[in-house]
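K.L.:
okay, here's the prediction I keep looking at, along with the sequence it came from:
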Amino acid sequence: MKALEFENQLAKNIYDNYIKRISKTITILSNEDKKEILMEFNSHIYEGLQNTNRKTELESVLKITQDLGNPEEVLKPLIADKKLKQATRTFNPKHIIQAILLNIKNGVVYSVFAGLYLCLFVFGILLLLKIIYPNEAGLFYDDQGFAVLGLYGSSENTTDILGDWFIPMALFSSVALYIIITLLLKTTRKKKA
Amino acid sequence: MSDIIIHDTNSEFVYKWQSQVKKGTLAFILLNVLKTNEFYGYELMEQVKKITDIEIAEGTLYPLMNRLKKEGLVKSKWVEQESGIPRKYYKLTNMGTEALIEMVIYWQNLQLSIKKVTR
């Protein structure tokens, strides 16, 4: 993005500060999206300065940035949209968490997804527990036919169905579930649009 | 005293309603403006301001254009300028033109209903 030039230092400060606020608001987006948004707002400010009826640069830049509004507020829906697109394209858990949190107000469906990922996370924890406590964690059933997935005190009556196989099985199911949930999220995003 | 309170509540309600209507119709207005010509962001906002007394933060234009683009109703392209500050032009797609025709019909029907109900 080519920065605009100002003669008045105060006008330049206001412009720099406004651009900085945009940058700060959109830090979580991909570099490509960041560049696009900054260039578009920069262009808006530039065109505004060319078409102004204000007497001074300072008055003009103040009016333009005021009319544009607070970047933190104005850009909210754009960030939620773009983040979700990035999350479902990259399958990156960090992006997915951010995208769900940003979109949670945009529909009950995103709360459902938050729940699904949370279940998956708990499943992941169980996997770790199996490594730490091989005898207590896993998939069990007892002599009454009662099955438990989780932590269960092993005794003579209980059988650990998978044994050490629990680790690769759980790992495989977690990855598969992660992919399925994320693909569902992708479909939801497209449908919502 | 109570009159004043009632009046205040009403005006607040009306104000909120107006802002909802404005927000809700902005996409329709933008698509109409783009019907005959392609415009870059600032210019597009100027056109909108010329035809309506919309009082929204102008920055909201960009998230909205992004949404319209995502839905395939508009497309955009960057055009280099001598100033070194390129402009992003927006244009209606065929899908956008079709959507606009449907929206206009809906709007006309709505207008008729409102006319009947407010008579």
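P.N.:
Now that the structure is in, tell me what you want to look at. Numbering: from 1, shown residues only, chains lettered A, B, ... in the order given.
K.L.:
and stretch B:73-87, how far out from the chain middle?
P.N.:
Put simply, stretch B:73-87 sits 21 Å off its chain's centre (CA atoms, centre = their mean, to the nearest Å).
K.L.:
can you tell me if it touches chain A.
P.N.:
Yes: against chain A, stretch B:73-87 shows contacts by CB under 8 Å from any CB of the partner chain at B:78, B:83, B:84, B:85, B:86, B:87. Glycine gets a C-beta too; all of them are placed from N, C-alpha and C.
K.L.:
as TSV, these with neighbour count would be great.
P.N.:
Conversion of the residues of stretch B:73-87 next to chain A to TSV gives the following (neighbours: other CB atoms under 10 Å in any protein chain shown):
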residue	neighbour count
B:78	14
B:83	13
B:84	9
B:85	20
B:86	19
B:87	21
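K.L.:
what's the closest of the residues you listed to residue A:12?
P.N.:
residue B:85 (15.6 Å; CB to CB).
K.L.:
show me what the longest helix belonging to chain B is packed against.
P.N.:
In chain B, assigned by DSSP state H, the helix with the most residues is helix B:2-33. Using 3 or more CB pairs under 8 Å, 6 or more residues apart in numbering or on different chains; DSSP states H and E as the contact test, the elements touching helix B:2-33 are helix B:41-51, helix B:61-70, helix B:94-118.
K.L.:
deepest-packed of the ones you listed, please.
P.N.:
Mean neighbour count (mean count of other CB atoms under 10 Å in any protein chain shown) peaks for helix B:61-70 among those, with a mean of 19.
K.L.:
that helix vs helix B:2-33, what angle?
P.N.:
50 degrees (axes from the mean of the first three to the mean of the last three CA atoms, to 10 degrees).
K.L.:
report the rounded mean pLDDT for the helix or strand following helix B:61-70.
P.N.:
Next along the chain after helix B:61-70, taking DSSP states H and E as the criterion, comes strand B:74-79. The pLDDT scores in strand B:74-79 average 97.
K.L.:
also stretch A:64-76?
P.N.:
Average pLDDT, stretch A:64-76: 94.
K.L.:
centroid residue for chain B?
P.N.:
residue B:26 (1.7 Å; CA atoms, centre = their mean).
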